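1. give me a model of this one.
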Amino acid sequence: MSYRFPALADVIATLKVEPLTEHRFRATQLDNPAHHIVGGHIAGQALMAAALTAPGRVPHSAHTYYVRAGDASRPVELRVAVIRDGGTLATRQVTAHQDDTILLETLASFSTDIDAFDYHRPPPDVPDPDTLPPVQQQLAGYADEHGGVWTHPRPFELRYIDAPPRLAQDLPDPPPRTRLWWRPSEPVPNDPVLAPCLLTYLSGVTMLESALVARRATQVSTFNALIDHALWFQRPVDLSDWVLSDQSSPSGTGGRGLVNATMYNRSGHLVCTATQELYFGRG
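-> You can find the predicted model right below:
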């Protein structure tokens with residue numbers, strides 16, 4: 001059975017976790033043939049659960065450790081602990097459970113809006129997204145592989161500046177960076193909490209590609225799993241237009257791959273920096 005990407009509507013619906021009590025939430029997973037819980041998705045759910053206990057504030061960072069694999073055919077319970085509520089910053093701890101098993105631990109921080117000095121490094125000089133082909137067109141030559149997974153519809157439109165993993169496999173040298181433009185495949189609600197949760201999901205899906213390119217591998221040719229995932233949300237992300245993600249993998253050792261990313265709105269404003277480490281092996 002070939003893999004199918006989830007629809008954007010399903011991603012959004014499942015990010016909206018169901019309250020059970022004031023600090024406990026039920027999170028429906030995006031099931032798939034392997035019943036594998038998608039790391040970026042459950043991290044986005046944990047951020048959403050934490051945000052629901054910090055009204056009037058928006059996320060500015062989230063740090064997640066993925067402890068164990070879970071079963072995506074069953075819901076996950078998210079338990080939120082209120083660590084601190086300060087004048088500007090608030091901290092929450094989220095633990096994800098299936099039965100008596102802990103799957104994930106997240107620390108998330110939230111802030112009120114304050115007037116302060118603002119600066120950021122400008123974005124790299126890259127081609128405009130309107131000049132680039134969609135990833136499905138870029139990988140059309142591989143449409144007969146793995147049930148056509150490379151050309152399937154996706155919840156986000158992707159336009160690569162550098163070669164994605166499958167294309168990079170056929171190049172003499174892997175590109176040192178993986179830069180791409182992305183945006184939701186359909187309009188999304190203008191929600192200051194949903195946007196960073198979607199960004200968390202997207203980063204969990206695309207950032208690993210820089211490590212795959214360095215290994216001359218693809219998502220379907222090697223086992224990989226997130227170990228940890230850290231994001232800092234510097235500014236509100238505009239999901240009505242393209243977002244640039246500039247990704248690179250500075251190190252791979254001990255079966256692990258480290259990846260960094262900076263993301264910019266099309267206006268040139270830095271909206272997120274992220275780091276994650278992945279494990280490559282047999283599970």
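
2. let me see the domain layout of this structure.
-> Following the assignment in the TED database, the chain carries domains at 1-113, 128-282.

3. so for the first one, what's the average pLDDT?
-> For domain 1-113, mean pLDDT is 94.

4. tell me which strands whichever strand or helix holds residue 279 pairs with, and in which orientation.
-> Using DSSP states H and E, residue 279 sits within strand 270-280. Neighbouring strands of strand 270-280 in its sheet, by DSSP bridges, are strand 224-233 (antiparallel), strand 256-265 (antiparallel).

5. I'd like the distance from that strand to the chain centre, please.
-> Offset of strand 270-280 from its chain centre (Cα atoms, centre = their mean, to the nearest Å): 8 Å.

6. with stretch 51-58 instead?
-> In terms of Cα atoms, centre = their mean, the centre of stretch 51-58 is found 20 Å from the chain centre.

7. with only the CA atoms kept, save that stretch in PDB.
-> The C-alpha coordinates for stretch 51-58 follow below in PDB (Å, rounded to 0.1, in the frame of the first residue of the first chain):
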ATOM      1  CA  ALA A  51      -1.600  27.300  24.500                       C
ATOM      2  CA  LEU A  52      -5.200  26.500  25.600                       C
ATOM      3  CA  THR A  53      -4.000  26.800  29.200                       C
ATOM      4  CA  ALA A  54      -2.300  30.200  28.600                       C
ATOM      5  CA  PRO A  55      -5.000  32.500  27.200                       C
ATOM      6  CA  GLY A  56      -4.000  35.900  26.000                       C
ATOM      7  CA  ARG A  57      -0.500  34.800  25.200                       C
ATOM      8  CA  VAL A  58       1.100  33.400  22.000                       C
END
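
8. which residues touch it?
-> Outside stretch 51-58, the residues that touch it by Cβ atoms under 8 Å, 6 or more residues apart in numbering are 17, 19, 22-23, 25, 59, 80, 82, 85, 90, 92, 108, 110-113, 192-193, 196-197, 233, 236. C-beta: built from backbone N, CA, C; applies to glycine.
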